[in-house]
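Trainee: Coordinates for the following, if possible.
(one chain, ligands or ions: 1)
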Amino acid sequence: MQFQYRKIVFLTGAGISAESGLSLFRGKNGLWNNRNPEEVATAEALLQRRSDVLDFYNGLRHDMAEAKPNAAHLAISRLQQGYSGEVYILTQNMDTLHEKAGSENVYHIHGQINKIRCSHCHNVWETWNDITPDMPCPFCRAEKSLRPDIVFFGEEIMFTSVAEDLLRCADLFVAVGTSGEIPPASRFVWEAWKNGAKTLAFNLEPPANSVCFDRLVLGKADETLPEFIKNQFMTV
Ligand SMILES: [Zn+2]
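Mentor: Model prediction:
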């Protein structure tokens, strides 16, 4: 593999998982078109309609458990395994398709659907099972304290300092399937660019922050990204 960049940082969003059959959260057929985000993705909603909100995420967890990684996830994983530089993934996705593709160094800045957190004792653990409204915490026995370990609207993203460190010293920043609309991830490209990284975006349509990218590749990520990685890194 050709060595060109010391540190490559990917930022992946819903668009990379769309070809694996997972609904986009935003966009024409997005999940939010059926549900108002405020009904299911805020701490207040969980408090007021616990059963409904948990059911919504139980459904999402089922879908995400079944989903398989596509060619875009696999291409990033192949690059990680064969490249002599460092390759990191910041993802806005709650699914675990990068991990299923064999990737390491994956940071879920909006949390992970297969993790549960207790708001009382703050333990976090992995499971693909449902969270039921009356299930007590297995650690502290608190009731109605369990929630998906994901970032609701209005909450801080996870891995902020990891992201800052990565963006400070990345020399290639690649956004894949992100709308460029949701802060703070939409500002990551600025951070990377400001620090001297080359910036690329792979998306179906120009992202809202497309002005920040050195190069924009339009199309389905499972077609455009493997092609790019092959041409850029795998040719002698
Ligand atoms: Zn607990």
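Trainee: Would you mind writing the CA trace of the lowest-mean-pLDDT helix or strand in the chain as CSV?
Mentor: The weakest-scoring helix or strand in the chain, judged by mean pLDDT, DSSP states H and E, is helix 37-40 (a mean of 80). Only the C-alpha atoms of helix 37-40 are listed here, as CSV (Å, rounded to 0.1, in the frame of the first residue of the first chain):
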residue,chain,number,x,y,z
PRO,A,37,-37.1,13.8,16.8
GLU,A,38,-38.5,15.6,19.9
GLU,A,39,-40.8,12.7,20.5
VAL,A,40,-38.0,10.1,20.8
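Trainee: Which of the residues in it are classified as buried?
Mentor: V40 (16 or more other CB atoms under 10 Å). Heads up, the C-betas are built off the backbone N, CA and C, glycines and all.
Trainee: For that helix, which helices and strands make contact with it?
Mentor: Using 3 or more CB pairs under 8 Å, 6 or more residues apart in numbering; DSSP states H and E as the contact test, the elements touching helix 37-40 are helix 50-66.
Trainee: how about the helix it packs on: buried residues?
Mentor: 50, 53-57, 60-61, 64.
Trainee: Could you export those as JSON lines, including pLDDT and distance to Q112?
Mentor: Shown next, in JSON lines, are those (pLDDT from 0 to 100; distance: CB to CB, whole Å):
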{"residue": "R50", "pLDDT": "96", "distance to Q112": "20"}
{"residue": "V53", "pLDDT": "93", "distance to Q112": "17"}
{"residue": "L54", "pLDDT": "95", "distance to Q112": "16"}
{"residue": "D55", "pLDDT": "92", "distance to Q112": "19"}
{"residue": "F56", "pLDDT": "90", "distance to Q112": "16"}
{"residue": "Y57", "pLDDT": "93", "distance to Q112": "11"}
{"residue": "L60", "pLDDT": "89", "distance to Q112": "11"}
{"residue": "R61", "pLDDT": "93", "distance to Q112": "10"}
{"residue": "M64", "pLDDT": "92", "distance to Q112": "9"}
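Trainee: Format those as TSV; extra columns: distance to the ion.
Mentor: Putting the buried residues of helix 50-66 into TSV (distance: CB to the ion, whole Å) gives the following:
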residue	distance to the ion
R50	16
V53	19
L54	16
D55	21
F56	22
Y57	18
L60	23
R61	20
M64	24
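Trainee: what's the offset of the least confident helix or strand of the chain from the middle of its chain?
Mentor: 19 Å (CA atoms, centre = their mean, to the nearest Å).
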